[in-house]
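With the input below, show me the fold.
(chains A and B)
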Amino acid sequence: MRDFKLVYNYELKQQLAKKSVIITTIVLVLLALIGTSIPRISALFSGGEPTPPAADTTLTEKAGYVFSDTALQQQYTGILNLQQENLYTSRDELLAGLKDGALKVGFVLNADGSYETLYQDKGVDDRQDTTLGQLIAQQQKEKMLAARGLTTQELAAIEAYEPAATLTVLGKNTENNILLSMVLMVAVYMLVLIYGNITSTIIAREKDSKAMELLITSTKPTPLILGKVAASGVSGVVQFGAIILAALAGFFISQEYYDPMIRHMLMGSLSTGYVLTYIYFSVTGYILYLFLYAALGSTVSRVEDVGSATAIVQFIFIAGYVASTFVINSPNGGVAVAASLIPFTSIMVMPIRAGLVTVPAWQLV
Amino acid sequence: MLAAVTLFAWLSIKIYRWGSLNYGNKTSLRKIFKEALRSEKKAVA
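Down below sits the predicted model:
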């Protein structure tokens, strides 16, 4: 036990006291805090007041119109606020205007609601044809409604009808939990890959520098590997914990500026059962992978070989990540259940499954 | 899950014990497990 404490304290100090680790953690903590406070920051700059939309001039600026009759001309002159320079007497005049650059777009409107749009060159953003089409459709609908003794407001009221619905979910609502489950899954993914590689590199470096030979003569292998794995595990949790706490702090500070749906997706699914399941599987899975990384790191003689030695572990872990993406579509499918029971993949799959569906208790042990 | 962690922790200690003294030899996963799981008596002999 004394040897374990000695190794643990030394390794933890080595990992957390490094200047690079401290600076990186501070930078990431600040980024997480600022990133989750963006809605509040943007509200401060905009002053909280929405800017009024600019008047739409796409149908009047450098636009020419030819109407089939005077009644139609009077109707659309009022609606679009057309000026004398917008009015043309024939299609040929419009074509001439387009060719000499006086016009950007030309319209020929007929009494039956049909219309022609003329462009010299049509850009990607030039949507005057569809805009006018929508306006004509609206006018025609109003005419048809008036013929039946109805107004647009009455039609809107009819279309706005929605039945009074009550939603009762006895288990878990998948819609609300997907976002949180995905965010936490990515956090575990990064934690295992980063700290797994750090652990195996530390051990391989000791072997490369022959420091391991000295350690082995004075300390048994068991406290050595346990101390190193524990130190790596704790430093990883401390670093990631600080980043997640900063992100949560930013979210709580600015939560009233977040979209209610995002707020519900993040907070609505944080039940005690889910948090405990997530912590249990993430921590045990993380320790499991750290042991594997540490063991494989000791089998190579040079630091450069660590990547090839630990490739198999990375492959298994990434397979778990891929399996977790299948789980989102089918959380109770055969692949999902099998992957959540296998220790190597359950670290990624079980927290997602537990977030999406009610998992039987025996599968959680 | 806890049983799996305990099992792989024990296996990792065995691999670490063997791996820490293994210099210069080419290793494969099969060899690692075979050598690590040999009893200490056999390893000494």
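
all contacts plus neighbour counts: C-alpha atoms, from now on.
Will do.

wait, isn't residue A:353 in contact with residue A:329?
No: using CA atoms under 8 Å as the test, residue A:353 is too far from residue A:329 to be in contact (10.4 Å).

Looking at these two, which has the bigger crowd around it?
Legend: neighbour count by other CA atoms under 10 Å in any protein chain shown for residue A:353 and residue A:329, higher for residue A:353 (26 against 12).

same question for stretch A:104-112, mean pLDDT?
Averaging pLDDT along stretch A:104-112 yields 91.

And the contacts of that stretch?
Identification of contacts with stretch A:104-112 by CA atoms under 8 Å, 6 or more residues apart in numbering or on different chains yields A:62-69, A:72, A:91, A:94-95, A:98, A:115-120, A:128.

List only buried entries from those.
With neighbours counted by 16 or more other CA atoms under 10 Å in any protein chain shown, the contacts of stretch A:104-112 contain buried members at A:62-67, A:91, A:94-95, A:98, A:115, A:117-119, A:128.

What is the nearest of the residues you listed to chain B?
Taking CA to the nearest CA as the measure, chain B sits nearest to residue A:128 out of the buried ones among the contacts of stretch A:104-112, at 63.2 Å.

gap between the closest one and residue A:288?
Separation of residue A:128 from residue A:288 (CA to CA, to the nearest Å) stands at 62 Å.

Please parse chain A into its domains.
A:2-37+A:175-364, A:63-159 (automatic domain parsing).

Quickly, which of the ones you listed bottoms out on average pLDDT?
Least confident of these, judged by mean pLDDT, is domain A:2-37+A:175-364 with a mean of 83.

Can you name the next helix or strand after the helix or strand hosting residue A:327?
Taking DSSP states H and E as the definition, residue A:327 sits inside helix A:311-329. Per DSSP H and E, the first helix or strand lying C-terminal to helix A:311-329 is helix A:334-341.

In that next one, which residues are buried?
A:336, A:337, A:339, A:340, A:341.

Go back to the residues you listed and keep what's next to chain B.
The subset of the buried residues of helix A:334-341 lying close to chain B, counting by CA under 8 Å from any CA of the partner chain, is empty.

can you tell me which of those residues lies nearest to chain B?
residue A:341 (8.4 Å).

so the closest one touches residue A:363, yeah?
Yes: applying CA under 8 Å, one finds residue A:341 in contact with residue A:363, separated by 6.7 Å.

quick one: low-confidence ranges for chain B?
Filtered on pLDDT under 70, chain B yields the residue ranges B:23-25, B:39-45.

so where do the helices sit in it?
B:2-19, B:29-37, B:40-44 (DSSP state H).

Show me what the second one is packed against.
With contacts taken as 3 or more CA pairs under 8 Å, 6 or more residues apart in numbering or on different chains; DSSP states H and E, helix B:29-37 sits against helix B:2-19.

Mind listing what's buried along the helix it packs on?
Buried residues in helix B:2-19, counted by 16+ other CA under 10 Å: B:5, B:8, B:9, B:11, B:12, B:13, B:14, B:15, B:16, B:17, B:18, B:19.

can you tell me if that helix touches chain A.
Yes: Helix B:2-19 is in contact with chain A by CA under 8 Å from any CA, via B:2, B:4, B:5, B:8, B:9, B:12, B:13, B:15, B:16, B:17, B:18, B:19.

mind checking how far that helix is from the chain centre?
The chain centre lies 8 Å from the centre of helix B:2-19; the measure is CA atoms, centre = their mean, to the nearest Å.

One more: stretch A:344-353?
The answer for stretch A:344-353 is 20 Å, by CA atoms, centre = their mean.

Ok, stretch A:358-365 next?
Centroid displacement of stretch A:358-365 relative to its chain, using CA atoms, centre = their mean, is 28 Å.

Let me see the contact set for whatever residue of chain B ends up closest to chain A.
Chain B approaches chain A most closely through residue B:19 (4.3 Å), counting by CA to the nearest CA. With contacts defined as CA under 8 Å, 6+ apart, the neighbours of residue B:19 are A:295, A:298, A:299, A:300, B:32.

Among those, name the ones in helices.
In this view, the contacts of residue B:19 that belong to helices under DSSP H are A:295, B:32.

Format the contacts of residue B:19 as TSV; extra columns: neighbour count.
Listed next are the contacts of residue B:19 as TSV, based on neighbours: other CA atoms under 10 Å in any protein chain shown:
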residue	neighbour count
A:295	32
A:298	33
A:299	32
A:300	30
B:32	18
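
so which of the contacts of residue B:19 would you say is closest to residue A:135?
Among those, residue A:295 lies closest to residue A:135 (CA to CA), at 71.4 Å.

Wait, that closest one touches residue B:15, no?
Yes: contact criterion CA under 8 Å: residue A:295 and residue B:15 qualify, at 5.6 Å.
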